[in-house]
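J.: Compute the structure for the input listed below.
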Amino acid sequence: MIHKISPTTEPLWVRISLLLTALAFIGVLVVLPVAVVFVEAFRQGMPAYIAALSDPTALSAIRLTVLVAAIAVPCNIIFGVVASWAITKFDFMGKQLLITFIDLPFSVSPVISGLIYVLLFGANSWLGQWLIDNDIQIIFAVPGLVIATIFVTFPFVARELIPLMEEQGTQEEEAAIMLGAGGLRTFFAVTLPNIKWALLYGVLLCNARAMGEFGAVSVVSGHIKNYTNTVPLHVEILYNEYNFMASFAVASILSLLALFTLLLKTAIECKFSKTGKI
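T.: Predicted structure coming up:
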């Protein structure tokens, strides 16, 4: 008789070693850097911290970051839901190609994607003269930041929804249609309640990446003070100017966003485990 060996049968010292190794890895690469951010941010006290965040340049960067995320995230929600619905509910030519394109931002460097948009919409591009003649500015302006952010973040919602919707199948939607429900009513009454937690999970990840994106927006922003600098770009500028306390203070905003996202992620996962569905 062949007995299956469970990993839990390993000696106690092996399990403890594996656990300590994992904890040390997380502590050095995750916990310690986050702790350093807050220690350095508050090194000169709360008044200095508040002054760094209330600086007009910092406030401008925060407002721009929120604006870009407020535009990019809803666009990605619409794209993610539509793409997931099409991929999982219908058969059509080019489905696998569409899935490949959705995964493209995961394999392309954000810096390269930003450069592509500069080559496409910049002054020396084949669209450049037409944009100039029509007084349309994309690169080194808010539209360029939004486009670059949408590109690097659009897989997150779709990638959370596609596996779930494939698992759920089309039976419930087909039953609703047979009972006389239209397309929109079927979506809002049947599909959306079944995917709401996965959708929220994808939105959280998308928003966190949108607010923290550096590479793509750095290329298309031009680093124009009080105009195209988002929070990550402002942190880099402060650090390069040796204004370390202010750079860590502003960086703490992104760290708080990451921690808040992590807490919401944990809450959603707990909801998953209790309900048994997403």
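J.: what's the following helix or strand after the longest helix anywhere in the chain?
T.: As assigned by DSSP state H, the longest helix anywhere in the chain is helix 56-89. Using DSSP states H and E, the next helix or strand after helix 56-89 towards the C-terminus is helix 95-107.
J.: Next secondary structure element downstream of that following helix?
T.: helix 110-121.
J.: Residue 229: neighbour count?
T.: By the criterion of other Cβ atoms under 10 Å, residue 229 has 25 neighbours. C-beta here means a position set from N, CA and C on the backbone, and glycine is covered the same way.
J.: Kindly apply the preceding question to residue 241 instead.
T.: 10.
J.: And it, how far from residue 21?
T.: Here residue 241 is placed at a distance of 39 Å from residue 21 (Cβ to Cβ, to the nearest Å).
J.: circling back to that earlier point, the longest helix of the chain - contacts with which helices or strands?
T.: helix 46-54, helix 95-107, helix 142-153, helix 155-168, helix 192-212, helix 231-240, helix 244-275 (3 or more Cβ pairs under 8 Å, 6 or more residues apart in numbering; DSSP states H and E).
J.: Please find the angle between the direction vectors of the third one and helix 110-121.
T.: The one in question is helix 142-153. Angle of helix 142-153 versus helix 110-121, following axes from the mean of the first three to the mean of the last three Cα atoms, to 10 degrees, is 140 degrees.
J.: Kindly report the same for the shortest one.
T.: Comparing the axes of helix 46-54 and helix 110-121 via the same axes, to 10 degrees yields an angle of 30 degrees.
J.: Not counting helix 46-54 itself, show me its contacts.
T.: 41, 42, 58, 59, 62, 245, 246, 249, 250, 252, 253 (Cβ atoms under 8 Å, 6 or more residues apart in numbering).
J.: From residue 258, how far off is the third one?
T.: Noted for residue 58: a distance of 18 Å to residue 258, by Cβ to Cβ.
J.: neighbour count winner among the two?
T.: The residue with more neighbours, out of residue 58 and residue 258, is residue 58; 21 against 15, by other Cβ under 10 Å.
J.: I appreciate the help and will end here.
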